[in-house]
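> Predicted model and sequence follow; I will ask about them next.
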Amino acid sequence: MGRVLLLLAIAVGALAFAYGTWTSVTTYESPYDVRGGLPAGEPIAERAVLIVLDGIRLDVSRDMRELQALASRGSSGTSRSVLPSLSNPNRAVFVTGAWPEVNGITNNGRFRPPPIDSLFSLAADANLPRAAAGSTFWGRAFGDYLEGNLLFQQKDFPHDRGAAEISTWQADLCGGIERFFSDRPMGLLVAGITGADGAAHDYGGESDVYREVVQAVDHCLGSLVTALDDGRTAFAIVSDHGHIDRRGGGGHGGSEPEVMEVPLVLFGKGVRQAEGWRAQMVDIAPTLSVLLGLPLAETNQGDVLWDSLDLSDEQAKSAKERYEQQQKRLAEIVGVGDSRNDAMSSRVVSSLTVFALGLGVIGWIFLRSPQRLTLLVGVAAYFLFYRLLFMALGLGYSLSVINSEELLYRFLGKNILAAVVGLLAVTVPWRLLRPTFDRGKALALAGVIISVIAIEVAWIHYSSGLFMEEVLPDFDLNLKAALHLIQLGAVSATTAVTIMRLPDAKAGRDS
């Protein structure tokens, strides 16, 4: 009975640990509460419009005629999506110029408004009009500074209804955005065009439906820019992430190149022609701040895209002086590299302890067992069966594979199924073919499997970290560790149930 309780305790502990790794991210709150304090500059443009093309891959953007025409008139390059490559973390970075560790937006579902400055708060302080249209995120995260100047998508997305209906849905929303912005001619405007993202989720990032809807998004972009381009407006057009194409659907959140690499185009007032550069998402906010003459946020971690800006020598000198002042202030607030070094030091001891303990358990089990080869074959067979089932069930070590948050628990359930079936695929034949298969052998098999999994989780913790403590862990590795821990829990619980049905080792029998 004691061994059963121990296994069940290990199972519960592993599942709790897996839950903790994820919630440390989803419940994260930024420790930085910094606003105001830096000087403003001379405005270059009277209005700035940020247009977010939700879910547009870099490769399909090259076939968007309107986008490419705008790129030829201004400055174009590429940017990399924020990790996790979800929409809301990227949207927050667009307007704060700060990474998720600083702005606090680490996921799509659960978050608090950033406690730091953003384009919206800076514009509000400068009495510059501002408005946002598209996702409800803008109201949830920055509603205090928008004063009701919000237009949310009211119509439900037409899932699985084909390109024509999705394109009609997108055109209707686009017309609403144009009418909404026509009453707000100056200041800071942010718009989201979201049809392509929904199409990619439903049909995949390489599907004909997705590419057809992308053209509808492109038409919407051209129409919106035509309505707003008055010679006094600067535009920034960017995608928040791309999409994978897998098993008839899309997805994002991971680090796949087709998800991470996205287009970024600047044009209009204060922008000169340039191309081929590479930027980061944090570079958008400081660049728009310079164009609008707003102060740079003290927590801004981005670079101004100087090569894209058409500034006089005096304007450039003043802007660069303000930028250097802001970067010095940032180093005082955040500390460049300190938090990552501290986090690395704090997890070395725990990681090495688990690593050593796991090796010790494996060594002890093999030293005690005279049937080492049989045990080794059993362990290898388990991991082979588990991996085959893992792939067959469509699992993977990337958030992109999950496709949508609604499928998360089904995804985790499949991982449990793969672990349980993988273990039974080894223990049941072993029991049938070798009547001497008893509790001792079942415990030895489980002990080695659990130790191997624990060692890999310890390595991930050592190399990346499992918990978010002012440092965002590698999300692909974080998901991998969570799946390993759930697998460990499933193996422990299944073994606990199994050994209750097995005979105990008889005296003199090999254990």
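Received, thanks.

> And the pLDDT at the residue minimising distance to the centre of the chain?
In the chain, the residue lying closest to the centroid (C-alpha atoms, centre = their mean) is Pro84, at 1.2 Å. pLDDT for Pro84: 94.

> do Gly508 as well
On pLDDT, Gly508 comes in at 40.

> swap in the one 3 residues further on?
Among the per-residue scores, Ser511 shows a pLDDT of 36.

> Equivalent analysis for Gly36, please.
85.

> burial count for it?
Residues lying near Gly36 (other C-beta atoms under 10 Å) number 11. All C-beta spots, glycine's among them, are computed from the backbone N, C-alpha and C.

> Same question for Trp99.
A count of nearby residues for Trp99, using other C-beta under 10 Å, gives 22.

> From what I see, it and Val82 are in contact.
Yes - here Trp99 lies in contact with Val82, judged by C-beta atoms under 8 Å, at a distance of 7.1 Å.

> joint contacts of those two?
Counting by C-beta atoms under 8 Å, 6 or more residues apart in numbering, the common neighbours of Trp99 and Val82 are Val93.

> Just the buried residues of stretch 197-215, please?
For stretch 197-215, burial by neighbour count (16 or more other C-beta atoms under 10 Å) applies to 197-207, 209-215.

> What mean pLDDT does that stretch get?
Stretch 197-215 shows a mean pLDDT of 97.

> Quick check: next helix or strand after the worst-scoring helix or strand of the chain on mean pLDDT?
Every helix and strand of the chain was ranked by mean pLDDT, DSSP states H and E. The lowest is helix 338-368, at a mean of 81. For helix 338-368, the following helix or strand on the C-terminal side (DSSP states H and E) is helix 372-392.

> And the residue nearest to the centre of the chain, how close does it get to Arg322?
The gap separating Pro84 from Arg322 is 32 Å, by C-beta to C-beta, to the nearest Å.

> now swap in Ala199 and tell me
Distance of Ala199 to Arg322, given as C-beta to C-beta: 42 Å.

> repeat for Pro473
Pro473 is 34 Å from Arg322, where distance means C-beta to C-beta.

> who's more crowded, those two?
Neighbours per residue, other C-beta under 10 Å: of Pro473 and Arg322, the larger number sits with Pro473, 23 against 20.

> How about the contacts made by that one?
When contacts are counted by C-beta under 8 Å, 6+ apart, Pro473 touches Thr21, Val25, Ser464, Gly465, Leu466, Phe467.

> now with 6 Å?
Neighbouring residues of Pro473 by C-beta atoms under 6 Å, 6 or more residues apart in numbering: Ser464, Gly465.

> Just confirm it is within a helix.
No - counting by DSSP: H, G, I helix; E, B strand; the rest coil, Pro473 is not part of a helix but coil.

> where does it land on pLDDT?
For Pro473, the predicted pLDDT is 85.

> Please renumber the chain so that the first residue is 172 from this point on.
Sure, I'll start counting at 172 from here, so that last one is Pro644.

> And it, how far from Leu254?
Distance, Pro644 to Leu254, using C-beta to C-beta: 10 Å.

> How about Ile415?
Separation of Ile415 from Leu254 (C-beta to C-beta): 15 Å.

> And for Ala371?
Applying C-beta to C-beta to Ala371 and Leu254 gives a distance of 19 Å.

> and if you look at Pro210?
Distance, Pro210 to Leu254, by C-beta to C-beta: 33 Å.

> now do Glu200
19 Å.

> Repeat that for Asp484.
Using C-beta to C-beta, Asp484 is found at 38 Å from Leu254.

> Between those two, which is the more surrounded one?
Taking neighbours as other C-beta under 10 Å, Asp484 and Leu254 compare with Leu254 leading, 24 against 7.

> that's a strand at the more buried one, yeah?
No - assignment of Leu254 by three-state DSSP gives coil, placing it outside any strand.

> That one - nearest residue in space that isn't next to it in sequence?
Leaving aside its sequence neighbours, Leu254 sits nearest to Phe646 (C-beta to C-beta, 6 or more residues apart in numbering; 5.3 Å).

> Can you verify my assumption that the one you found contacts Ser252?
No - counting by C-beta atoms under 6 Å, Ser252 is not a contact partner of Phe646; they are 11.4 Å apart.

> Would you mind telling me which of those two has the busier surroundings?
Between Phe646 and Ser252, counted using other C-beta under 10 Å, Ser252 has the larger neighbour count: 27 against 21.

> so is Ala487 in a helix, a strand, or just coil?
helix.

> and the gap between Pro644 and Ala563?
Using C-beta to C-beta, Pro644 is found at 28 Å from Ala563.

> So the protein: which segments form each domain?
173-196+508-670, 216-482 (automatic domain parsing).

> got the end-to-end distance for the longest one?
Right, the one you point to is domain 216-482. This stretch, domain 216-482, spans 11 Å end to end (C-alpha to C-alpha, to the nearest Å).

> do the same with the shortest one
With C-alpha to C-alpha as the measure, domain 173-196+508-670 spans 11 Å from end to end.

> Could you check how far it is from the centre of its chain?
23 Å (C-alpha atoms, centre = their mean, to the nearest Å).

> ditto for stretch 201-219
Centroid separation between stretch 201-219 and its chain, computed with C-alpha atoms, centre = their mean, is 26 Å.

> give the contact list for Arg277.
One thing to correct before we go on: residue 277 is Thr, not Arg. Val196, Tyr199, Pro271.

> tally of neighbours for the last one?
Residues near Pro271, counting by other C-beta under 10 Å, number 26.

> can you map out the strands along the chain?
Along the chain, the stretches classed as strands by DSSP state E are 218-224, 246-251, 301-305, 321-323, 358-364, 404-410, 432-439, 445-451.

> Tell me which of these sits nearest to Gly173.
Closest approach to Gly173 among the strands of the chain is made by strand 246-251 (52.0 Å; C-beta to C-beta).

> What pairs with the closest one, parallel or antiparallel?
Next to strand 246-251 in the sheet, as set by DSSP bridges, lie strand 432-439 (antiparallel), strand 445-451 (parallel).

> Could you list which residues are in contact with Asp411?
Asp411 makes contacts with Val223, Asp225, Ser258, Asn261, as judged by C-beta under 6 Å, 6+ apart.

> gap between it and Val436?
14 Å.

> ok so, going back, the residue nearest to Leu254 and Gly358: what is the separation?
For Phe646, the distance to Gly358 - C-beta to C-beta - is 35 Å.

> With Gly275 instead?
Distance, Gly275 to Gly358, using C-beta to C-beta: 25 Å.

> Counting neighbours around each, name which of those two comes out higher.
Gly275 (22 against 18).

> correct me, but the more buried one touches Pro285?
Yes - using C-beta under 6 Å, Gly275 is in contact with Pro285, at 5.4 Å.

> and stretch 460-475, what's its mean pLDDT?
In this model, stretch 460-475 has a mean pLDDT of 97.

> Dump that stretch to PDB, keeping only the CA atoms.
Output in PDB follows, covering the C-alpha atoms of stretch 460-475 (Å, rounded to 0.1, in the frame of the first residue of the first chain):
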ATOM      1  CA  SER A 460       6.500  58.100 -30.800                       C
ATOM      2  CA  VAL A 461       9.200  60.000 -32.700                       C
ATOM      3  CA  LEU A 462       6.800  60.600 -35.600                       C
ATOM      4  CA  LEU A 463       4.100  62.000 -33.300                       C
ATOM      5  CA  GLY A 464       6.500  63.900 -31.100                       C
ATOM      6  CA  LEU A 465       5.500  61.900 -28.100                       C
ATOM      7  CA  PRO A 466       7.900  61.200 -25.200                       C
ATOM      8  CA  LEU A 467       9.500  57.700 -25.400                       C
ATOM      9  CA  ALA A 468       8.200  55.400 -22.700                       C
ATOM     10  CA  GLU A 469      10.700  55.000 -20.000                       C
ATOM     11  CA  THR A 470      10.300  51.200 -20.300                       C
ATOM     12  CA  ASN A 471      10.700  51.200 -24.000                       C
ATOM     13  CA  GLN A 472      13.100  48.400 -25.000                       C
ATOM     14  CA  GLY A 473      13.000  48.900 -28.800                       C
ATOM     15  CA  ASP A 474      15.100  50.800 -31.300                       C
ATOM     16  CA  VAL A 475      13.800  53.600 -33.400                       C
END
